[in-house]
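Participant: I need the structure of the sequence given here:
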Amino acid sequence: MQLDVNEIDIVNNEDAGRFEAQVGKQVAFAEYNLAGKNIVFPHTVVPTEFEGQGVGKKLVVTALNYARDNDLKVIPLCPFFAAYIRHHPEYQPLVLSYKPQE
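Facilitator: Next comes the predicted model:
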């Protein structure tokens, strides 16, 4: 099934502690835990048939922008989050362990 990722809305389900995207009858999500002024991203799930279509990216970008907008430091335990941040330097200062290069 081909998706138009621009038509997918990401919702912050605070009760469940995750950002969610309803994709047909399925839900893709990025879990999070708040710890003081930190936000931990432990796990991201995208249904197999929707992988590689931008759903995960949209979840990550929405979650990272939420962290930035709320002055939260990011702890990217999820490998997908960590890889995205590694390849997008504009998000690296959000990471708790970030040290600017001199």
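Participant: now the lowest-mean-pLDDT helix or strand in the chain: how far from the chain's centre is it?
Facilitator: One helix or strand of the chain scores below all others by mean pLDDT, DSSP states H and E: strand 18-23, with a mean of 94. Remark: strand 18-23 is offset 10 Å from the chain centroid, using Cα atoms, centre = their mean, to the nearest Å.
Participant: for stretch 48-66, same thing?
Facilitator: The answer for stretch 48-66 is 7 Å, by Cα atoms, centre = their mean.
Participant: what's the least confident helix or strand of the chain packed up against?
Facilitator: Here strand 18-23 touches strand 10-13, strand 26-31, helix 55-69, going by 3 or more Cβ pairs under 8 Å, 6 or more residues apart in numbering; DSSP states H and E. Heads up, the C-betas are built off the backbone N, CA and C, glycines and all.
Participant: got the buried residues for it?
Facilitator: By neighbour count on 16 or more other Cβ atoms under 10 Å, the buried set for strand 18-23 is 18-21, 23.
Participant: just give me the closest of these to residue 73.
Facilitator: Among these, residue 19 lies closest to residue 73 (Cβ to Cβ), at 17.3 Å.
Participant: which ones are touching the closest one?
Facilitator: 10-13, 29-30, 32, 59, 62-63, 66 (Cβ atoms under 8 Å, 6 or more residues apart in numbering).
Participant: so who does residue 63 touch?
Facilitator: 19, 30, 32, 39, 41, 81.
Participant: switch to 7 Å and redo it
Facilitator: Each residue near residue 63 by Cβ atoms under 7 Å, 6 or more residues apart in numbering is listed here: 19, 30, 32, 41.
Participant: got a pLDDT number for the third one?
Facilitator: Residue 32 carries a pLDDT score of 98 in this model.
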